[in-house]
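Colleague: generate a structure from the sequence data that follows.
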Amino acid sequence: MHATPAPLADVPAPVTGSADIRLVVTDMDGTLLDDAKRVPAGLWPMLAELRRRGVLFSPASGRQYATLAREFADVAEGMAFIAENGTYVVRDGVELSSDPLEPAVAADAARTVRRLAADGVDVGAVVCGKRSAYVERSDEAFLAEVRKYYVEHRVVDDVTAVDDDVIKVALFDFGPAERSTAPALDAFAATHQVVVSGEHWVDVMNRTANKGAALRGLQRELGITPAQTMVFGDYLNDLEMLDAAEWSFAMANAHPEVVRRARRLAPANNDNGVLRTIAEVIGIPLRRA
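Modeller: You can find the predicted model right below:
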């Protein structure tokens, strides 16, 4: 359980409908989506109105690019996807940036997961390439979790031998990852990023890779400033992204550190907080269908 965030009244309130927003960036799980992983009511008409006003909408997620592209297939034209926690950014099928791991580092991370599993930890590695994700575990319980975030995935005999540009190694721990799996990766933290991206997920990436770095690169590409950027997040892998926007919002259900880092607080993901806040700040009527 996370600590209860500060009441909305304790956080600076936006001026309704007054902001010159050119870019809206939102995390997916725990932020845009509700706890049942459902798209909020009103998203599709909201995206149509943002497009009409010249505001770019960008999902920023630990999820795979192929998974995000499938979710937004009907509205993907012109949309920028910040995938794999910022290690891979794509717009209209064109790579804008990527930050691949050295193959030896990816292999060492996968071997660390094997050792944890041999010691009895219920954990599995997802080696995330640009073309696909790769796993060695083939049990249905593990694959069911993988499928939620990696629509393109393959079960292979040896994830250390895949022929792909590996952009991160994700670990799924059926227990609390922040307390169990993450500490076992301390050796990587000296030279790379070890990010707890959810209750059960930990990601190993290059030190230079995060959602914030990806967002700043996108801002430069598009000529958009932090003052014109609105960002929403709920977990530790969103921290750097919040720093890249003057309109940074932690969800009411966010990790306490995210609440401390953001400039403002939005309603919870289960209360349609992202769309309600966009509607208020930009001045867009919120429609349900």
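Colleague: where do the helices sit along this structure?
Modeller: Taking DSSP state H, the helices of the chain run over residues 43-52, 65-71, 103-118, 140-149, 186-189, 211-222, 239-243, 256-261, 273-278.
Colleague: pull out the buried residues from the last one.
Modeller: I take that to be helix 273-278. 273-275, 277-278 (16 or more other Cβ atoms under 10 Å). In this view, the C-beta of every residue, glycine as well, is placed from N, C-alpha and C.
Colleague: quick one: residues contacting the residue nearest to the spatial centre of the chain.
Modeller: Here the mean C-alpha position of the chain is nearest to the C-alpha of S61 (Cα atoms, centre = their mean), at a distance of 2.1 Å. S61 makes contacts with 27-29, 68, 82-83, 85, as judged by Cβ atoms under 8 Å, 6 or more residues apart in numbering.
Colleague: A36: which of the helices of the chain is closest?
Modeller: Closest approach to A36 among the helices of the chain is made by helix 140-149 (11.6 Å; Cβ to Cβ).
Colleague: any idea of the mean pLDDT for the closest one?
Modeller: Averaged across helix 140-149, pLDDT comes to 96.
Colleague: quick thing: my sequence starts at 41, can you match it?
Modeller: Renumbered: residue one is now 41, and that last one reads helix 180-189.
Colleague: buried residues of that helix, list them for me.
Modeller: Residues 182, 185-186, 189 are the ones in helix 180-189 that count as buried (16+ other Cβ under 10 Å).
Colleague: now, among these, which is nearest to F112?
Modeller: Y189 (14.8 Å).
Colleague: check what pLDDT the residue lying closest to the closest one once chain neighbours are set aside gets.
Modeller: Spatial nearest neighbour of Y189, excluding adjacent residues (Cβ to Cβ, 6 or more residues apart in numbering): R103 at 4.6 Å. On pLDDT, R103 comes in at 92.
Colleague: and D67, how far from T231?
Modeller: 26 Å (Cβ to Cβ, to the nearest Å).
Colleague: which of the two has more residues huddled nearby?
Modeller: Neighbour count, other Cβ atoms under 10 Å: between D67 and T231, D67 has more, with 31 against 9.
Colleague: residue contacts, the more buried one?
Modeller: Each residue near D67 by Cβ under 8 Å, 6+ apart is listed here: 99-101, 251, 272-275, 277-278, 281.
Colleague: any stretches of the chain with poor pLDDT?
Modeller: When residues are selected by pLDDT under 70, those of the chain lie in 41-58, 328-329.
Colleague: quick one: the strands in it?
Modeller: 63-66, 96-99, 120-123, 128-131, 134-138, 163-169, 173-175, 193-195, 206-213, 232-236, 241-246, 269-273, 287-291, 304-306 (DSSP state E).
Colleague: many thanks, we can stop here.
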